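A.B. asks: Below: sequence and its predicted model.
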Amino acid sequence: MKKIIVLSLLYLLSCCAYGQLSSHELNGDQRARIFLKAAIAYNEVKYPDALGAGVITFDLDLTKSNFEFGGYNTSHRFPSLGDFWIPAFGELIGFTFRGKDTPAVNGNLGSTTLSSLIFGWHNHAWSVLSTDFINLAAGFHWGDYGYGFQRYEEPNRFFTANALTFADDYTDPSGYYAGFGPSWMVDVALLPDLLFHYEGAFVFTARLLKEGSSVAPKNSPNPKFLNQQFELRYNRLFIGAEYCAALKNNEAAHAGRRLAIISGFTF
């Protein structure tokens with residue numbers, strides 16, 4: 001394993017010799033982006049009954065890269081656009097069909113929801129290390145988070161154009177949250193016009209509203225999230241993955257995950 005890591009680092013360093021961030025098309029510009037998104041929300045417990053639910057749809061966001069020391073970098077993502085407001089090709093549902101209760105939920109099958117609702121997810125960062133080959137930036141994150149866990153009323157569905165039906169039975173910490181915390185961005189030049197981009201945020205939350213019939217007991221703390229995005233960017237094209245995870249993993253309702261595969265272009 002160590003040899004693989006060392007060889008991978010050597011390969012990235014050799015690639016960096018051919019690429020320069022200062023001459024990249026994205027340097028210094030703010031861009032709007034449109035992309036195809038396949039997103040799924042699920043929970044990470046040992047034996048969950050429900051694997052996940054998601055959509056295939058289009059989405060929009062805004063980015064700005066500044067590859068110089070002290071440069072201002074931003075990322076403005078609006079996951080609720082594709083999740084709720086832009087018409088989707090279809091809904092994707094997957095199950096294990098174990099026939100057992102999902103942990104901490106009264107019901108056989110449950111669904112995790114994890115998205116923004118109104119404001120989106122925003123990273124602001126300033127470059128603290130900048131060379132022709134790598135740019136490191138640090139700053140802060142803010143946004144809103146809609147997070148919930150509820151069971152299905154109709155479990156036998158896999159792909160449908162109709163809305164799913166859920167019971168009005170939520171498990172804490174289901175609710176609507178304001179999120180804030182530190183963020184960071186990394187850009188690495190790989191080849192001419194090709195770069196690797198990573199951004200992440202550790203998100204603390206403040207509960208604004210409970211969801212449905214959920215009740216917040218004293219032993220149900222507000223969730224914390226690790227919100228990350230990985231991308232390969234080539235000129236105006238990009239492909240990547242968004243991964244957002246609640247950081248408490250002992251129960252399905254506290255172990256929500258969101259994974260989205262994205263591919264699109266900037267303009």
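C.D. replies: Sure thing, it's come through.
A.B. asks: The lengthiest strand in the chain pairs with which strands?
C.D. replies: Ranked by residue count and defined by DSSP state E, the top strand of the chain is strand 134-152. Using DSSP bridges, the strands paired with strand 134-152 in its sheet are strand 110-115 (antiparallel), strand 121-130 (antiparallel), strand 166-170 (antiparallel), strand 175-191 (antiparallel).
A.B. asks: is it possible to export the ones you listed to TSV including distance to Ile56 and mean pLDDT?
C.D. replies: For every residue, glycine as well, the C-beta is placed using N, CA and C. Converted to TSV, the strands paired with strand 134-152 look like this (distance: least, Cβ to Cβ, whole Å; pLDDT from 0 to 100):
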stretch	distance to Ile56	mean pLDDT
strand 110-115	15	77
strand 121-130	20	96
strand 166-170	20	58
strand 175-191	25	94
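A.B. asks: what's the spacing between the closest residue to Tyr234 other than its chain neighbours and Leu60?
C.D. replies: Among residues not flanking Tyr234 along the chain, Leu194 sits closest, at 4.9 Å (Cβ to Cβ, 6 or more residues apart in numbering). Separation of Leu194 from Leu60 (Cβ to Cβ, to the nearest Å): 23 Å.
A.B. asks: And for Ala41?
C.D. replies: 20 Å.
A.B. asks: ditto for Ala255
C.D. replies: Ala255 is 29 Å from Leu60, by Cβ to Cβ.
A.B. asks: can you count the residues close to Asn43?
C.D. replies: Neighbours of Asn43 under the rule other Cβ atoms under 10 Å: 27.
A.B. asks: so it makes contact with Ala255?
C.D. replies: Yes - Asn43 lies in contact with Ala255 (Cβ atoms under 8 Å); the separation is 4.8 Å.
A.B. asks: In this protein, mark out all the helices, start to finish.
C.D. replies: 2-16, 79-80 (DSSP state H).
A.B. asks: what are the bridge partners for the closest residue in space to Phe267 that isn't next to it in sequence, then?
C.D. replies: Once flanking residues are discounted, Phe267 sits nearest to Ala32: 5.9 Å by Cβ to Cβ, 6+ apart. Applying DSSP bridges to Ala32 gives these bridge partners: Leu62.
A.B. asks: quick one: least confident helix or strand in this protein?
C.D. replies: strand 159-160 (a mean of 45; mean pLDDT, DSSP states H and E).
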